[in-house]
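Engineer: Give me a model of this one.
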Amino acid sequence: MTAVLFDYWRSSASYRVRIALHLAEITFDRVPVDLRAGEQTSPEHLSRNPQGFVPVLEIDGLRLTQSLAILEYLNESRHLGLLPPTASDAAHVRALAYSLAVDVHPICNLSVVKRALGAAQSDPMIAQEWMSHFIRRGLETFETLLNQREPTRYSHGDTLSLADLCLVPQLYNARRWHVNFDDLPHIRDVEAVCIKHPSIRAAHPEMCRP
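Structural biologist: This is a model prediction of the structure:
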C-alpha cells in the first residue's frame, strides 16, 4: 500500500520527512495542505492531526505526526542509519538536530510569529527582524556544535544523519528570510555536500511547488 504524506511544500518539517522517504526509497503520494489558506485548521485535517500541523504520514497502517517522531520511525523501521551506533555520537547528532528543529523552528512558525507580534507582524521589516534573529542564532549554535568535533563530510560522519535532515530545510528558510550565513564555513561545507544527495534534491520544495 502506497504511503500518503500530507504536507505543505515550503514547510521545513515536511521537507525533513520527504528527504527520509526518498532516502528509504518509499513510494508515497503527496496530499498538499495549504497553510496559507488555513487548510491545516479544517475539520478534515484536524481529524488527522489534532495539533493542526504538517506533516502527517500514513504508512504501514499507521498515521504518524510530528516530523522528528516520523524520522525516528522511518530510521528504525527502514534502517536508514540516521543516528550513529554509539550512544555518545547519537546524542551529539540529536543535539545538532534539536538545536534547529526544537529550538528554532517552533518560534519561527508563522502562527507563533503572528501571535507574538500581533498587529506588528504585518510590517515586513518587523517580521524579517524576528526571523533573522532566531534563525541566525540557531545557525550560529549549530556551527559551534559542529566545531566541537573533527570536520566530516556531513554533519556527522560520511552519510546523512538526522542533523542533516534538519539543517538543510533550515538553510532553505534562512535564504527565504535573507539570513546571511556566509561566515559559517562548516555549515556551508556540509550544505555543499548535502545538496548533491539525490534524496535531498528530490525532496526540495521547488520539486513540490504547486
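Engineer: and the residue nearest to His197 when sequence neighbours are not counted, how many neighbours does it have?
Structural biologist: Spatially, and ignoring its direct neighbours in sequence, His197 is nearest to Leu160 (6.3 Å; CB to CB, 6 or more residues apart in numbering). For the C-beta atoms, the positions are set from N, CA and C on the backbone; glycine is no exception. If you count neighbours by other CB atoms under 10 Å, Leu160 ends up with 24.
Engineer: Then Asp89?
Structural biologist: Asp89: 15 neighbours (other CB under 10 Å).
Engineer: Please look at it and His156 and confirm they touch.
Structural biologist: Yes - Asp89 lies in contact with His156 (CB atoms under 8 Å); the separation is 6.6 Å.
Engineer: pretty sure Gly29 belongs to a strand, no?
Structural biologist: For the record, residue 29 is Asp, not Gly. Yes - secondary structure of Asp29 (DSSP: H, G, I helix; E, B strand; the rest coil): part of a strand.
Engineer: List the buried residues for the helix or strand encompassing Glu206?
Structural biologist: Element membership for Glu206, per DSSP states H and E: helix 205-208. Counting neighbours by 16 or more other CB atoms under 10 Å, one finds that the buried residues in helix 205-208 are 205, 208.
Engineer: what packs against the helix-or-strand element of the chain with minimal mean pLDDT?
Structural biologist: One helix or strand of the chain scores below all others by mean pLDDT, DSSP states H and E: helix 110-117, with a mean of 82. Judged by 3 or more CB pairs under 8 Å, 6 or more residues apart in numbering; DSSP states H and E, the packing partners of helix 110-117 are helix 124-146.
Engineer: what packs against the following helix or strand past the helix it packs on?
Structural biologist: Following helix 124-146 in sequence order, the next helix or strand is helix 162-176 (DSSP H and E). Judged by 3+ CB pairs under 8 Å, 6+ apart, the packing partners of helix 162-176 are helix 12-23, helix 67-78, helix 87-101, helix 124-146, helix 185-194.
Engineer: which residue of this structure sits farthest from its center?
Structural biologist: Relative to the centre of the chain, and counting by CA atoms, centre = their mean, the farthest-placed residue is Ala119 at 27.8 Å.
Engineer: per-residue confidence for that residue?
Structural biologist: The per-residue pLDDT reported for Ala119 equals 71.
Engineer: Contact partners for the closest residue to Phe181 other than its chain neighbours?
Structural biologist: Spatial nearest neighbour of Phe181, excluding adjacent residues (CB to CB, 6+ apart): Leu139 at 5.2 Å. Counting by CB atoms under 8 Å, 6 or more residues apart in numbering, Leu139 touches 170-171, 174, 179, 181, 184, 187.
Engineer: Which pLDDT value goes with Leu139?
Structural biologist: 98.
Engineer: Lovely, talk soon.
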